[in-house]
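Student: Make a model of this:
(4 chains)
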2 protein chains.
Amino acid sequence: MRSDNTKIKEIFKDLSFSNEQIKIIESVFYKVKFKKGDTLLNDNDNVDYQYYILDGCLRSYHIDSHGKEHTVQFGIKDWWISDYTAFFLESNAIMTIEVIQDATMYRISRADKEELYAQIPPIETFFRIKLERAFAAFQKRILSNLSQTATERYLNFIKAYPNIEKSVKNYHIASYLGITTESLSRIRKELSNN
Amino acid sequence: MRSDNTKIKEIFKDLSFSNEQIKIIESVFYKVKFKKGDTLLNDNDNVDYQYYILDGCLRSYHIDSHGKEHTVQFGIKDWWISDYTAFFLESNAIMTIEVIQDATMYRISRADKEELYAQIPPIETFFRIKLERAFAAFQKRILSNLSQTATERYLNFIKAYPNIEKSVKNYHIASYLGITTESLSRIRKELSNN
DNA sequence: CGCGACGTTGATTTGCCTCAACGATTGTGG
DNA sequence: CCACAATCGTTGAGGCAAATCAACGTCGCG
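Tutor: As a prediction, this is how the structure comes out:
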């Protein structure tokens, strides 16, 4: 990925590095492009990579034993995406990651990331803090889901992710909210009647 | 906490430290004891501590806007407990942590923990890996909840936590499974009829 | 021993799902 | 650029798992 190390600065916003370090970092990120409809990852694949999104839109979802999809995460510019359960446990994928809008990303392997942690400790701290926040956000989302009605969750969603709502299908949102497309449709109708 | 540094070795199992480092670590852990029925933490409290459980049983739960309890975590020997959402985001508690059986714990403050990370980097790695696993486990649990019936979830619970089931009330389990005590009661009756 | 907390059981309600059919929109080849 | 198919979204009827409400056993602590 050489050349535009401005991107490195974008990824690790508040950190600063020596030229030496930037070379190391550049050497482990690899730019990849995907088209709408592509899948980065399929259920049961080995999960060796995490992706930083430069542009585009993706989602990760789990398919349960009844064939139902559960959207776990949407990903847009400046977000990271992977099947974290598999990535962290070094086990096979339980998610599918699909490209919703043409996407450009930086990819880093688990091995390279661990190596980077050892060579540049502030990067371990950077990701540790990111993970702490992701954990907290995920827990909050789950607790909301448990105590709110489908309508409330939908309203929160469109408030929290106005940018995402426009770019994804109805059934993506439904599976993120934990309801069927039919229910989402009825909720929208109900809301527009008021 | 001086004296029994065997505990330090127990907490950080695979790590080894210099005497110097052990002194530092000892100085930031503080032993606390609580009685059954005590609360370590109440909704909206400041969350400055994380606890390592030497002995006893606890649970953390969130009370939603309708007054319903959602048990997020049980804690027994060798587990860590806190309101992680608040601890990580440095915001006020959204959980209550209650002592189910008399408990002895080591307490560490957020500030001391960050300081420890800076002084002894392997400890940051240790907690980073713990968090990665906790994140993965939590995500798996949520996905199971979304695709399984209440009965399946109950069966998984008693298989996964046979030790915990004995020590907690029915309504603790029900609120962990996301159902009412009445439903849990009916599930148990149904299962015993087979 | 008595009282409050906990657990069980029954009757009824409800939010969302399932199944089915029918519009609307999108995108692709001729 | 249109035509037409595939995909996506909407609407309706009916069903179901679990919640709610209410009453009654039972256990365990002071």
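Student: Could you give the backbone dihedrals for residue A:85?
Tutor: The phi/psi pair for residue A:85 (degrees, to the nearest 10) reads phi -60, psi -50.
Student: Isn't it up against residue B:134?
Tutor: No - using Cβ atoms under 8 Å as the test, residue A:85 is too far from residue B:134 to be in contact (11.3 Å). For glycine as for every other residue, the C-beta is placed from the backbone atoms N, C-alpha and C.
Student: of those two, who's got more company?
Tutor: Neighbours per residue, other Cβ atoms under 10 Å in any protein chain shown: of residue A:85 and residue B:134, the larger number sits with residue A:85, 25 against 18.
Student: got the contact list for that one?
Tutor: A:91, A:94-95, B:135-136, B:139-140 (Cβ atoms under 8 Å, 6 or more residues apart in numbering or on different chains).
Student: Residue A:62 now?
Tutor: Residues near residue A:62 by Cβ under 8 Å, 6+ apart: A:69-70, A:72, A:94-96, B:143.
Student: For it, give its distance to residue A:112.
Tutor: Residue A:62 sits 26 Å away from residue A:112, going by Cβ to Cβ, to the nearest Å.
Student: Contact partners for the most centrally placed residue in chain A?
Tutor: In chain A, the centroid-proximal residue (Cα atoms, centre = their mean) is residue A:81; its distance is 3.2 Å. Neighbouring residues of residue A:81 by Cβ under 8 Å, 6+ apart: A:40, A:50-51, A:53, A:58, A:60, A:73, A:75, A:97, A:105.
Student: Can you lay out these as TSV showing secondary structure, pLDDT and distance to chain B?
Tutor: Shown next, in TSV, are the contacts of residue A:81 (DSSP: H, G, I helix; E, B strand; the rest coil; pLDDT from 0 to 100; distance: Cβ to the nearest Cβ, whole Å):
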residue	secondary structure	pLDDT	distance to chain B
A:40	strand	94	18
A:50	strand	98	12
A:51	strand	98	17
A:53	strand	96	19
A:58	strand	95	17
A:60	strand	96	10
A:73	strand	94	10
A:75	strand	94	15
A:97	strand	96	14
A:105	strand	96	21
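Student: Of the residues you listed, which are in range of DNA strand D?
Tutor: For DNA strand D, no contacts are drawn from the contacts of residue A:81 by Cβ under 7 Å from any atom of the strand.
Student: Can you tell me the element the closest residue to residue A:191 other than its chain neighbours falls in?
Tutor: Among residues not flanking residue A:191 along the chain, residue A:151 sits closest, at 7.1 Å (Cβ to Cβ, 6 or more residues apart in numbering or on different chains). Using DSSP states H and E, residue A:151 sits within helix A:150-160.
Student: Need the residues that contact that helix.
Tutor: With Cβ under 8 Å, 6+ apart, helix A:150-160 has contacts from A:144-145, A:148, A:165, A:173, A:176-179, A:183-184, A:187-188, A:190-191.
Student: sorry, back to before: which of the contacts of residue A:62 sits closest to residue B:31?
Tutor: Comparing these against residue B:31 with Cβ to Cβ places residue B:143 closest, at 37.3 Å.
Student: wait, what's in contact with that closest one?
Tutor: Applying Cβ under 8 Å, 6+ apart to residue B:143 gives the contacts A:62, A:64, A:70, A:72, A:94.
Student: Relative to the whole chain's centre, how far out is stretch A:17-29?
Tutor: Counting by Cα atoms, centre = their mean, to the nearest Å, stretch A:17-29 is centred 24 Å from the centre of its parent chain.
Student: Please disregard the earlier target; I meant stretch A:31-41.
Tutor: How far stretch A:31-41 lies from its chain's middle: 13 Å, per Cα atoms, centre = their mean.
Student: Let's see it as CSV, backbone CA atoms only.
Tutor: Taking C-alpha atoms only, stretch A:31-41 is exported to CSV below (Å, rounded to 0.1, in the frame of the first residue of the first chain):
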residue,chain,number,x,y,z
LYS,A,31,-5.7,-2.3,0.0
VAL,A,32,-8.6,-4.3,-1.3
LYS,A,33,-11.7,-3.4,-3.4
PHE,A,34,-15.0,-5.2,-3.6
LYS,A,35,-18.1,-4.8,-5.7
LYS,A,36,-21.7,-4.6,-4.5
GLY,A,37,-22.9,-8.1,-3.9
ASP,A,38,-19.5,-9.6,-3.2
THR,A,39,-18.9,-11.5,0.0
LEU,A,40,-15.7,-10.9,1.9
LEU,A,41,-16.4,-13.8,4.2
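Student: quick revisit: okay, the contacts of residue B:143 in CSV with pLDDT next?
Tutor: Formatted as CSV, the contacts of residue B:143 follow (pLDDT from 0 to 100):
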residue, pLDDT
A:62, 95
A:64, 90
A:70, 95
A:72, 95
A:94, 96
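Student: Next, format those residues as TSV and append secondary structure and distance to residue B:12.
Tutor: Shown next, in TSV, are the contacts of residue B:143 (DSSP: H, G, I helix; E, B strand; the rest coil; distance: Cβ to Cβ, whole Å):
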residue	secondary structure	distance to residue B:12
A:62	strand	33
A:64	coil	37
A:70	strand	36
A:72	strand	32
A:94	coil	30
